[in-house]
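Engineer: Structure of the sequence below:
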Amino acid sequence: MFYAALFEAPVNAMLTREAEHYCRDLELSGRLTPAEQMHMSLIGLGNGKPQALMSIARHIGLLVQAKPFDVCLDRLSAFGGGALVLRSSDHSPAFQAFWRQLSAVVDDSPLQPFVTNSVEPHVTLLRDRVGVPKLRERAVEPICLTVRSFALIRSHQGKYERPATWQLNGQDDALAAM
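Structural biologist: Below you'll find the model as predicted:
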């Protein structure tokens, strides 16, 4: 289970094309992330959480207030488990503020003990346990995009479920939901 920034369908398709390009250029043979599953992982909560924690995780999303923000993905690197990922080095103030706010709310909640300490915001393009670990991080042509929503995602055997999705509209959704 994890929180993730979501992208719009055209961005997901573009990221899939980039993944195919890197797969060919780097001679990788792993499994590409399907376009409908593209996202930027933000905070991992580990596996197998009870339903009560799922409810808390849903409530936390209501507490995060942010406007849509831009982020540029410009670093290609290997990540745990043989994942080829894109990361951002631009340190967008709006993105950093959103991530800090979400992290602070999670850290102040019963979810804090479940936070995985290895998650750095990233977009997983593909998984190849043999080829990817041999790659060194490199700068790539930036892919700049706008994040307009985020979600709580539960992943199980390669299938994704979104128990909750929140729009970034700059208003306090907790008050709007009352």
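Engineer: And for the longest helix belonging to the chain, what's in contact with it?
Structural biologist: Across the chain, the longest stretch assigned as helix under DSSP state H is helix 9-25. Residues outside helix 9-25 that contact it (C-beta atoms under 8 Å, 6 or more residues apart in numbering) are 7, 28-30, 32-36, 38, 76, 84, 86, 123, 125-126, 143, 145. No exception for glycine: its C-beta is placed from N, CA and C like everyone else's.
Engineer: Could you rerun that using 6 Å?
Structural biologist: When contacts are defined by C-beta atoms under 6 Å, 6 or more residues apart in numbering, helix 9-25 is touched by residues 32, 35, 38, 125, 126, 145.
Engineer: Make CSV from those and add neighbour count to it.
Structural biologist: Output for the contacts of helix 9-25, formatted as CSV (neighbours: other C-beta atoms under 10 Å):
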residue, neighbour count
32, 19
35, 17
38, 21
125, 26
126, 22
145, 21
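Engineer: ok, those vs residue 1, which is closest?
Structural biologist: Closest approach to residue 1 among those (C-beta to C-beta): residue 38, at 17.9 Å.
Engineer: rewinding a little: in the longest helix of the chain, which residues are buried?
Structural biologist: Within helix 9-25, the residues scored as buried using 16 or more other C-beta atoms under 10 Å are 11, 12, 15, 16, 18, 19, 22, 23.
Engineer: downstream neighbour of it in the secondary structure list?
Structural biologist: Using DSSP states H and E, the helix or strand that follows helix 9-25 in sequence is strand 31-32.
Engineer: relative to helix 9-25, how tilted is the very next helix or strand once past that next one?
Structural biologist: Beyond strand 31-32 in the direction of the C-terminus, DSSP H and E gives the next helix or strand as strand 40-44. Relative orientation of strand 40-44 versus helix 9-25 (axes from the mean of the first three to the mean of the last three C-alpha atoms, to 10 degrees): 90 degrees.
Engineer: mind listing what's buried in stretch 59-75?
Structural biologist: Going by neighbour count (16+ other C-beta under 10 Å), the buried part of stretch 59-75 is 60-66, 69, 71-75.
Engineer: Can you list which of these are found in helices?
Structural biologist: Those of those lying in helices (DSSP H): 60, 61, 62, 63.
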